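S.K.: mind looking at a prediction? Sequence and model below.
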There are 2 protein chains.
Amino acid sequence: MNARHEVVIRGVGTSDYGRFPERRVESLAWDAILEAMQDAGAETGEIEAVFVGSVFGPPGIATRTLRGIGIGGVPVLTIEAACASGTAAYHEAVEAVALGRYSCVLVFGIEHLSSLFTSGAIVPEASDCEGRAGLPLPGLYALQAQRYIEQYNATAEQIADVAVKNKANGLRNPRAQLRASAPTLEQVMSSRKIADPLTFLQCCPVSDGAGAAIVGRPKGRRGEVRVLASALASGGLWDHRSTDFWGEAPVRRAADAAYAQSGVRPSEVDVLEVHDSFTIGEILTLESLRLCQPGEGAQLAPSGHTRMGGAQPVNPSGGLLSRGHPLGATGTAQIAEIVWQLRGTAGDRQVPDARIGMVETMGGGAAGMEGNASVVSLLALHG
Amino acid sequence: MNARHEVVIRGVGTSDYGRFPERRVESLAWDAILEAMQDAGAETGEIEAVFVGSVFGPPGIATRTLRGIGIGGVPVLTIEAACASGTAAYHEAVEAVALGRYSCVLVFGIEHLSSLFTSGAIVPEASDCEGRAGLPLPGLYALQAQRYIEQYNATAEQIADVAVKNKANGLRNPRAQLRASAPTLEQVMSSRKIADPLTFLQCCPVSDGAGAAIVGRPKGRRGEVRVLASALASGGLWDHRSTDFWGEAPVRRAADAAYAQSGVRPSEVDVLEVHDSFTIGEILTLESLRLCQPGEGAQLAPSGHTRMGGAQPVNPSGGLLSRGHPLGATGTAQIAEIVWQLRGTAGDRQVPDARIGMVETMGGGAAGMEGNASVVSLLALHG
């Protein structure tokens, strides 16, 4: 086993998130990349490789984007791992630096969903048997929610409260897509049904956006954030005897690997950005991340534990429900948020004394599998 | 600098190549993967990670494909690097094994172009300024050919002869897309003009197909092929003062890196599979690979040097011009062909005493760049 090099995030950046029919995805990426490079104090010539996360590309978008800001001649690899594409690209960059392939890598994630999906407020499922069976992602998550309520004697209100929490957080994020107002629990519950019990306000919107990070060896510069762990797990074949909820297994495997790599315990995590494409997703994710026992996840928002001011605030950015979910860009936006939180520069939405942060992204949509891919990373301020 | 582990290709496989409107891309992938696993003597449980090359996906296709053959729970990363996607995935697998991340990796490349492009026999350019300027890939390559003829006093017939050679080779490849008959030089020259001087028979067809390889640490099994070198180079920003032909620079950078890694000299390569999406592409590629001096490439087919029986046969499989060019699958098909050649199992199209083989793939289509990405790998029979 070769020694691993220490890896840090030197800088991060994002675009605004929203629907930008008048903008090309390249220009969103430029906002994110240039902010990340300036934040890192990195020069173009330092970039030794580029890892890009995107689900719908289009093909060749990575080099077209880079040409516009004068980056060329270094290896460029675009990675697709469903909704976890951005963090998968980040994970590959972390591994590359840790293993000595490169000492400075640009990661960016991009998606321009509004030009692909022009109706509805939910992300459609790619063509496969889920779709044909009436089980696109909202349906799949709705079934999780129904089973959760039944199995644990939880309430639809507890689940909906995740949206109340995250949309309140999003009000304080100037780059979030949905920040006009924060709905009450009653408003969340009474918004139109998408897939029972999930209502419209419990589903993430269709979004455009980009995020970026400079990942590399430490330079001793202020604001560098250490990568304590990064783990990627893909879904296994679905075992019909399993008692797992769909999507739990890859998150749990990635989380357990990240805890093992870092020696961090779940209770030591101060702030988290996790994959709340639907309210129930956050609840099951927090159980898979072992922040609580199975069946207790629905109490974490209502009890205040995961709210701002609670012991472990989750999705201070507003999460996918409020910031938006431009697939390949989501992971990079989560990373940026956690970096800002750990530096104490998150402004109105700062979690006090955040020392250890976690990013979790879940790529779903794999029929007959436990899920597509999950990436979990643990971060801490350097020095 | 950490020590690098030795890397071998344990087994390879491909589907047939052609237009298969009745088949899903998964089923083409299964043909390739199952053949590669059997060839390697690999069990499903040995596969520690999967790297997939594809340009047009669709998203999620990797896990959907793997589910069908019972592979799940290992990291799966899908990589897009234009026409070099398959070899980019292979390159990432080689690096992962060399650096100790994994000891056994499945690589596969897939594309089902016929369901995407239903007219014409040439691969359309993605939307960008090349396309709007009337410079899709055939036009770009035609301009190369025109400049080449002018600059080196070459003839259109010399360029067209690459198609005569490769289509004759393809007749002996039972998996090639175009194997009904081999055209004469006159037939190639008189087929309809696509972009002057390139005629229809000098352009690769629209293809569906898949290829696969098992890449890992050596097991000492017969038929293992050593990876002497693998290098990936992406295109730099186009410098208008450059005297290069478009597309040369990334190939030359990747080739020079591969020669340096392996200590192999260009004259020592016994058999090559290179990116002949258009006839002129093979000529410029061989110059960039330093098989000859600039301006001499057009003579290599007419002189017999690159024909079967010549000193350095190029594209014994028939190349992209004959086997077909299902983008993400092309690199994996080239790797399979070179593995068969080095093992001496290439049947009617065997190059005698092939000891060192080379694979080169070029991903083009990056406006304002020298090209998108190129991968060059040098291989030799183990032991």
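M.R.: Nice, thanks for sending it over.

S.K.: quick one, helices of the stretch 251-383 of chain A?
M.R.: In the stretch 251-383 of chain A, the segments counted as helices under DSSP state H, counting those that start in this stretch are A:279-288, A:319-323, A:327-343.

S.K.: buried set for the first one?
M.R.: If you call a residue buried by 16 or more other C-beta atoms under 10 Å in any protein chain shown, then helix A:279-288 has these buried ones: A:279-288. Yep, even glycine has a C-beta here, placed from its N, CA and C like the rest.

S.K.: is that helix anywhere near chain B?
M.R.: No: against chain B, helix A:279-288 shows no contacts by C-beta under 8 Å from any C-beta of the partner chain, the least distance being 14.9 Å.

S.K.: related to what we said a few turns ago, as TSV, the helices of the stretch 251-383 of chain A with distance to A:Glu370 would be great.
M.R.: Formatted as TSV, those follow (distance: least, C-beta to C-beta, whole Å):
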stretch	distance to A:Glu370
helix A:279-288	11
helix A:319-323	20
helix A:327-343	19
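
S.K.: Throw those into JSON lines and include mean pLDDT, thanks.
M.R.: Converted to JSON lines, the helices of the stretch 251-383 of chain A look like this (pLDDT from 0 to 100):
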{"stretch": "helix A:279-288", "mean pLDDT": "97"}
{"stretch": "helix A:319-323", "mean pLDDT": "97"}
{"stretch": "helix A:327-343", "mean pLDDT": "98"}
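
S.K.: any idea which helix or strand in chain A has the lowest mean pLDDT?
M.R.: Across the helices and strands of chain A, mean confidence by mean pLDDT, DSSP states H and E is lowest for helix A:129-132: a mean of 55.

S.K.: buried sites along the helix or strand just after it?
M.R.: Once helix A:129-132 ends, the next helix or strand along the chain (criterion: DSSP states H and E) is helix A:137-152. For helix A:137-152, a neighbour-count test (16+ other C-beta under 10 Å) marks A:137-146, A:148-149, A:152 as buried.

S.K.: before we move on, what about stretch A:156-165?
M.R.: A:156, A:158-165.

S.K.: gap between it and the chain center?
M.R.: Mean-position distance between stretch A:156-165 and its chain equals 19 Å (C-alpha atoms, centre = their mean, to the nearest Å).

S.K.: who's in contact with A:Leu378?
M.R.: A:227-230, A:258-259, A:261-262, A:264, A:269, A:356-358 (C-beta atoms under 8 Å, 6 or more residues apart in numbering or on different chains).

S.K.: so for stretch A:247-265, what's the average pLDDT?
M.R.: Averaging pLDDT along stretch A:247-265 gives 96.

S.K.: and what of stretch A:55-69?
M.R.: Mean pLDDT, stretch A:55-69: 90.

S.K.: hey, C-alpha coordinates of it in PDB?
M.R.: Below are the C-alpha coordinates for stretch A:55-69, written out as PDB (Å, rounded to 0.1, in the frame of the first residue of the first chain):
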ATOM      1  CA  VAL A  55     -25.200  14.000 -16.300                       C
ATOM      2  CA  PHE A  56     -26.600  15.500 -19.600                       C
ATOM      3  CA  GLY A  57     -23.400  17.100 -20.800                       C
ATOM      4  CA  PRO A  58     -23.700  17.800 -23.800                       C
ATOM      5  CA  PRO A  59     -20.600  15.800 -24.900                       C
ATOM      6  CA  GLY A  60     -17.600  18.000 -25.400                       C
ATOM      7  CA  ILE A  61     -18.900  20.600 -23.000                       C
ATOM      8  CA  ALA A  62     -15.900  20.300 -20.700                       C
ATOM      9  CA  THR A  63     -13.300  21.400 -23.300                       C
ATOM     10  CA  ARG A  64     -15.600  24.000 -24.700                       C
ATOM     11  CA  THR A  65     -16.000  25.500 -21.200                       C
ATOM     12  CA  LEU A  66     -12.300  25.400 -20.500                       C
ATOM     13  CA  ARG A  67     -11.400  27.100 -23.800                       C
ATOM     14  CA  GLY A  68     -13.400  30.100 -22.700                       C
ATOM     15  CA  ILE A  69     -11.200  30.700 -19.700                       C
END
